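A.B. asks: sequence? don't have it. structure:
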């Protein structure tokens, strides 16, 4: 979203919570419970900083709903610098996204 950079010092929060704390709209249809893929992130850089997929993410991977470079913002915490974007199918119509 317009190339925003967020600084976070609280590694106990999910990436979804960090995004929302910064007042950025990011879809989360199931309320951050890992039951859908509406908070899916496309990880451009830093995939190596993520832990192994959670059981919720693994179900989505097994069902073909998450690719290798995609993770759920609700299921992951920030361990280091990452570069992410919103999945095309989860973009809000009222927001203008950067390329």
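C.D. replies: Looks like it arrived, so ask away. Note that this is a predicted model, so its numbers are computed, not measured.
A.B. asks: any idea how far the spatially closest residue to residue 45 that is not a sequence neighbour lies from residue 4?
C.D. replies: Leaving out its chain neighbours, the residue that sits closest to residue 45 by C-beta to C-beta, 6 or more residues apart in numbering is residue 83, at 3.9 Å. In this view, the C-beta of every residue, glycine as well, is placed from N, C-alpha and C. Using C-beta to C-beta, to the nearest Å, residue 83 is found at 11 Å from residue 4.
A.B. asks: check residue 64 too.
C.D. replies: For residue 64, the distance to residue 4 - C-beta to C-beta - is 30 Å.
A.B. asks: same question, residue 53
C.D. replies: 25 Å.
A.B. asks: so which of these two has more stuff around it?
C.D. replies: Neighbour tally, residue 53 and residue 4, criterion other C-beta atoms under 10 Å: the higher count belongs to residue 53, 17 against 9.
A.B. asks: surely the more buried one is in contact with residue 67?
C.D. replies: No: the criterion here is C-beta atoms under 8 Å, and residue 53 misses it with residue 67 at 11.6 Å.
A.B. asks: ok, the residue sitting nearest the centre point of the chain - contacts?
C.D. replies: A centroid search over the chain (C-alpha atoms, centre = their mean) returns residue 73, at 2.8 Å, as the residue closest to the centre. Residues in contact with residue 73 (C-beta atoms under 8 Å, 6 or more residues apart in numbering) are 14-16, 19, 26, 28, 39-41, 84.
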